[in-house]
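Novice: No letters, just coordinates:
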Ligand SMILES: Nc1ncnc2c1ncn2[C@@H]1O[C@H](COP(=O)(O)OP(=O)(O)OP(=O)(O)O)[C@@H](O)[C@H]1O
C-alpha cells in the first residue's frame with residue numbers, strides 16, 4: 001500500500017542545509033499498523049508530511065496504492081490525499097462551527113463515503129458517542145483528539161498517517177485508542193503508519209520502524 005524508497009530531504013538553515021532524511025526506505029502492507037519511533041528532531045513529522053504530499057522531497061520515491069507521488073501535480077496530490085489518505089496530526093483542526101457529529105462525518109462526505117452506521121460505530125468505539133451534538137469548544141482536548149481520529153477513519157482511507165495521535169490522552173485512553181485504530185486498520189485492510197514516542201504503544205502495533213541518522217533502522 002505504501003512504499004518509500006531512498007527518500008532524501010533537507011532544509012535550508014542559517015548554518016547551511018540540514019539533511020533530515022538521507023535515503024529512508026520503508027514499506028507498509030495493507031492490513032498492517034506500523035509504529036514509527038525516533039528521537040525528537042529525527043525527522044518523523046517530516047517523513048509523514050512528505051508521504052502525505054504536503055511537502056516535496058529532494059530525491060527518492062513515494063508510492064501510495066501503486067501511484068507514485070512524483071508524477072502528480074498539486075491537484076493530483078490533493079485528490080490522492082482526499083480519497084486515499086487519512087491524516088491524524090497533532091493539531092486536530094476540527095471545524096469550530098460544526099457539531100462533533102458533523103466534524104466526524106466531514107472527511108467521509110468529501111471522499112463521498114459518508115456512512116452513518118459506520119460513523120456511529122466509530123463514535124461508540126472511540127467513546128465520543130454522547131458528544132455528537134456538542135461543538136468542539138464544548139469538549140476536552142482529549143475528546144477533540146478522538147474526534148479527529150474518528151474523522152480520519154470515517155472516510156475508510158486505504159492509508160492512515162498518524163503523528164502522535166494519542167499525544168493528549170492519558171495512558172489508559174491512549175491504549176484504548178491505539179487498539180481501536182489497530183483493530184479497525186486490520187478489519188478494513190487499510191495500512192497505517194503511526195508516530196509515537198511510547199515504546200509501550202509501539203509494542204501494541206504489528207511492527208516498529210526506528211528513524212535515526214536520516215535512515216530507517
Ligand atoms: N521548515 C523547516 N525548516 C528548517 N528546519 C526544519 C523545518 N522543519 C523541520 N525542521 C528541522 O528538521 C528536523 C526534523 O524535524 P521533524 O519535525 O521532522 O522531527 P520529529 O522527529 O518529528 O520531531 P518531534 O518528535 O520533536 O516532533 C528538526 O531538526 C527540525 O528542527
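Specialist: In hand now; what should we look at? The shown structure was predicted, so the numbers you read here are calculated from the model rather than taken from an experiment.
Novice: To which secondary structure element is the closest residue to residue 43 other than its chain neighbours assigned?
Specialist: Once flanking residues are discounted, residue 43 sits nearest to residue 20: 4.1 Å by Cβ to Cβ, 6 or more residues apart in numbering. Glycine gets a C-beta too; all of them are placed from N, C-alpha and C. If you go by DSSP states H and E, residue 20 is part of strand 16-28.
Novice: what's that strand in contact with?
Specialist: 1-12, 34, 43, 46-47, 50, 57, 60, 159, 191-193, 209, 211, 213-216 (Cβ atoms under 8 Å, 6 or more residues apart in numbering).
Novice: Could you pull out the buried residues of that strand?
Specialist: Neighbour counts over strand 16-28 (16 or more other Cβ atoms under 10 Å) mark 20-21, 24, 26, 28 as buried.
Novice: which of those are close to the ligand?
Specialist: residue 20 (Cβ under 6 Å from any ligand atom).
Novice: if we can go back for a sec, pLDDT wise, what is the residue nearest to residue 43 at?
Specialist: Note for residue 20: predicted pLDDT of 97.
Novice: Residue 128 against residue 146, yeah?
Specialist: Yes - judged on Cβ atoms under 8 Å, residue 128 makes contact with residue 146 at a distance of 5.2 Å.
Novice: which one's the longest helix in the chain?
Specialist: Criterion DSSP state H: the longest helix present in the chain is helix 171-188.
Novice: helices and strands around the next helix or strand after that helix, which ones?
Specialist: Using DSSP H and E, the helix or strand that follows helix 171-188 towards the C-terminus is strand 191-195. Strand 191-195 sits against strand 16-28, strand 33-37, helix 44-51, strand 159-163, helix 171-188, with contacts defined as 3 or more Cβ pairs under 8 Å, 6 or more residues apart in numbering; DSSP states H and E.
Novice: got the residues of this protein near the ligand?
Specialist: 11, 13, 18, 20, 38, 40-46.
Novice: quick one on the thing from earlier: higher neighbour count, residue 128 and residue 146?
Specialist: residue 146 (29 against 22; other Cβ atoms under 10 Å).
Novice: now that one, nearest residue through space, not along the chain?
Specialist: Per Cβ to Cβ, 6+ apart, closest to residue 146 is residue 126, 4.5 Å.
Novice: show me what contacts the one you found?
Specialist: 146-147, 149-150, 177, 180.
Novice: ok, residue 101 to residue 73 distance?
Specialist: 35 Å (Cβ to Cβ, to the nearest Å).
Novice: Who has more neighbours out of those two?
Specialist: The residue with more neighbours, out of residue 101 and residue 73, is residue 101; 19 against 8, by other Cβ under 10 Å.
Novice: my read: the more buried one touches residue 133, true?
Specialist: Yes - applying Cβ under 8 Å as the test, residue 101 and residue 133 come out as touching, 6.7 Å apart.
Novice: The nearest residue to residue 186 once chain neighbours are set aside: helix or strand, and which one exactly?
Specialist: Counting by Cβ to Cβ, 6+ apart, residue 31 is the residue found nearest to residue 186 once chain neighbours are left out, at 5.6 Å. For residue 31, there is no host helix or strand (DSSP H and E).
Novice: Could you double-check that residue 31 lies in contact with residue 189?
Specialist: Yes - between residue 31 and residue 189 there is a contact at 4.9 Å, judged by Cβ under 8 Å.
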